[in-house]
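Q: no sequence on this one, just coordinates:
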């Protein structure tokens, strides 16, 4: 039963395609997913991954969007990476409201 549901979902939603692997564009996957290079580059800019050399893998998801995983050298360091304890910022406070 699960196999039938999985097969049906693949027909309806499609399959995720790897468009970029280790910084190189997979042209076969681009053709298969009907993704023009201009749209791929635009979506990469939207998710703040405009430089192909920084991308380890980019995937054309079944919802039509592109997700990207950056190479480890290009991922920003977090306080936990640096063994620094971070102070919780809490909720924002309004200092000026309508000029008062």
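A: On my side now, so go ahead. What you see is a predicted model, and the numbers here were worked out from it, not measured in a lab.
Q: in the chain, what spans have low per-residue confidence?
A: Judged against pLDDT under 70, the low-scoring parts of the chain cover residues 1-13.
Q: so who does the residue nearest to the spatial centre of it touch?
A: Compute the mean C-alpha point of the chain, and by CA atoms, centre = their mean the closest residue is residue 67, 2.5 Å away. The contact partners of residue 67, taken as CB atoms under 8 Å, 6 or more residues apart in numbering, are 47, 58, 59, 61. Just so you know, the C-beta spots here come from the backbone N, C-alpha and C atoms, and that holds for glycine as well.
Q: sec struct for it, please.
A: For residue 67, the secondary structure call by DSSP: H, G, I helix; E, B strand; the rest coil comes out as strand.
Q: what is it paired to in the beta sheet?
A: residue 59 (DSSP bridges).
Q: where's it relative to residue 90, distance?
A: Distance of residue 67 to residue 90, given as CB to CB, to the nearest Å: 31 Å.
Q: What of residue 40?
A: With distances defined as CB to CB, the gap from residue 40 to residue 90 amounts to 40 Å.
Q: of these two, who's got more company?
A: A count of neighbours by other CB atoms under 10 Å puts residue 40 above the other of residue 40 and residue 90, at 20 against 6.
Q: Surely the more buried one and residue 27 touch.
A: No. Contact between residue 40 and residue 27 fails when scored by CB atoms under 8 Å: they sit 11.2 Å apart.
Q: Need the overlap of contacts for those two.
A: By CB under 8 Å, 6+ apart, no residue touches both residue 40 and residue 27.
Q: follow-up on the earlier one: state the distance from the residue nearest to the centre of the chain to residue 98.
A: 41 Å.
Q: same deal with residue 37?
A: Remark: distance between residue 37 and residue 98 (CB to CB) = 48 Å.
Q: more crowded one of the two?
A: Using other CB under 10 Å, the more surrounded residue of residue 37 and residue 98 is residue 37, with 11 against 5.
Q: For the more buried one, which non-adjacent residue is spatially closest?
A: Among residues not flanking residue 37 along the chain, residue 30 sits closest, at 7.0 Å (CB to CB, 6 or more residues apart in numbering).
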